[in-house]
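Asker: here is my input; please provide its structure:
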Amino acid sequence: MGSVSEELTLVPLHRRPELLEACAELLHEEWGRSRASRLHTLQRSSDSFPTCLLLLRSQGSAEGPCQLVGHVRLSRVATRPHSLFVESVVVARALRGQGYGRKLMEATEQWARARGFGCLHLTTHDKQHFYAHLGFVLGEPVQSVAFLSPNIPAELLRLFSTHPGADTSTRPSLPPALPPPVSSPAAPTPPAPPPNVIWARGVLAEGNGSSLLETPHRDAKGLPIFWMKKDI
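Answerer: Residues are numbered from 1 along each chain as shown. The predicted structure is shown next:
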């Protein structure tokens, strides 16, 4: 007798509210946070974004009993109407190492593409090689609408992704009221060097001083963080 086939489906959490508690527990196992705060965030899921998507596994039929496999959260990106920001990507610990992370991301891409979006952005501290093998490349910081107002200037956003040697304790200085006196003609500007091209574990990465092994960006806690994107 043949084995029962496995059915995987990706559904918005707000369409399956009975899975709210299970989803909160899945996220809590990975990132400790108060239950009330976690539930409040998950309950904000909607078709208008942010949207929490659940990967469900069932045996034989999607109508039968299902198991929560993974979760991903999608938000809009300021000034980029065709882009989405991906976060809180997690697979149940008991199911890791079986390819479900890839399936979760592939299903997320299909879901976004079917709704007219053409690019996904994300950040990671240590999973850059996983995302690179899924087709993501190094990118620049973007602004997630779910957390920051679209009116925040780009200069302030860059404070959250400074170069390792930058002094983050000081604010950017204002330009002088009057230009300094010109002492001599400026020297010609040398041509910009070509972008760095680095091979890391068989994956090509192009960037401005970035690679899959090093990043010039830091998160709000000062930890190295990789910004990545993928055209879908």
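Asker: quick one: low-confidence parts of the chain?
Answerer: Scanning the chain for pLDDT under 70 picks out 1-4, 60-64, 146-210.
Asker: can you pull out the strands in it?
Answerer: Using DSSP state E, the strands found in the chain span residues 6-12, 51-59, 66-77, 80-91, 119-124, 137-138, 196-200, 203-207, 226-231.
Asker: nearest to residue 107, of those strands?
Answerer: Counting by Cβ to Cβ, residue 107 lies closest to strand 6-12 out of the strands of the chain; the figure is 4.1 Å. For every residue, glycine as well, the C-beta is placed using N, CA and C.
Asker: so what strands line up beside the closest one?
Answerer: Looking at strand 6-12 with DSSP bridges, its partner strands are strand 51-59 (antiparallel).
Asker: isn't residue 224 up against residue 215?
Answerer: Yes: between residue 224 and residue 215 a contact is recorded at 5.2 Å, counting by Cβ atoms under 8 Å.
Asker: neighbour count winner among those two?
Answerer: Taking residue 224 and residue 215 together and counting by other Cβ atoms under 10 Å, residue 215 has the greater number of neighbours (22 against 13).
Asker: residue 223 is in contact with that one, correct?
Answerer: No: Residue 215 is beyond contact range of residue 223, at 10.1 Å (criterion: Cβ under 8 Å).
Asker: what about residue 23, distance to residue 45?
Answerer: 9 Å (Cβ to Cβ, to the nearest Å).
Asker: any common contacting residues for these two?
Answerer: Shared contacts of residue 23 and residue 45, defined by Cβ atoms under 8 Å, 6 or more residues apart in numbering, comprise 13, 52.
Asker: could you measure the closest residue to residue 89 other than its chain neighbours against residue 84, distance?
Answerer: Distances taken as Cβ to Cβ, 6 or more residues apart in numbering place residue 72 nearest to residue 89, at 4.9 Å, with adjacent residues excluded. Separation of residue 72 from residue 84 (Cβ to Cβ): 10 Å.
Asker: pick out whichever of these two has more residues nearby.
Answerer: Neighbour totals were compared for residue 72 and residue 84, and residue 84 leads with 27 against 22 (other Cβ under 10 Å).
Asker: now do the same contact list for that one.
Answerer: By Cβ under 8 Å, 6+ apart, the neighbours of residue 84 are 49, 74, 75, 76, 77, 112, 117, 119, 120, 121.
Asker: so what's the last one bridging to?
Answerer: Which is residue 121. Going by DSSP bridges, residue 121 forms beta bridges with residue 85, residue 229.
Asker: pretty sure it sits against residue 139.
Answerer: Yes: in this structure residue 121 lies within contact range of residue 139 using Cβ under 8 Å: 6.4 Å.
Asker: between the two, who's got more neighbours?
Answerer: Higher neighbour count among residue 121 and residue 139: residue 121, with 23 against 17, using other Cβ under 10 Å.
Asker: quick one, the longest helix seen in the chain and strand 226-231 angle?
Answerer: Secondary structure of the chain read by DSSP state H shows that its longest helix is helix 100-114. Angle of helix 100-114 versus strand 226-231, following axes from the mean of the first three to the mean of the last three Cα atoms, to 10 degrees, is 50 degrees.
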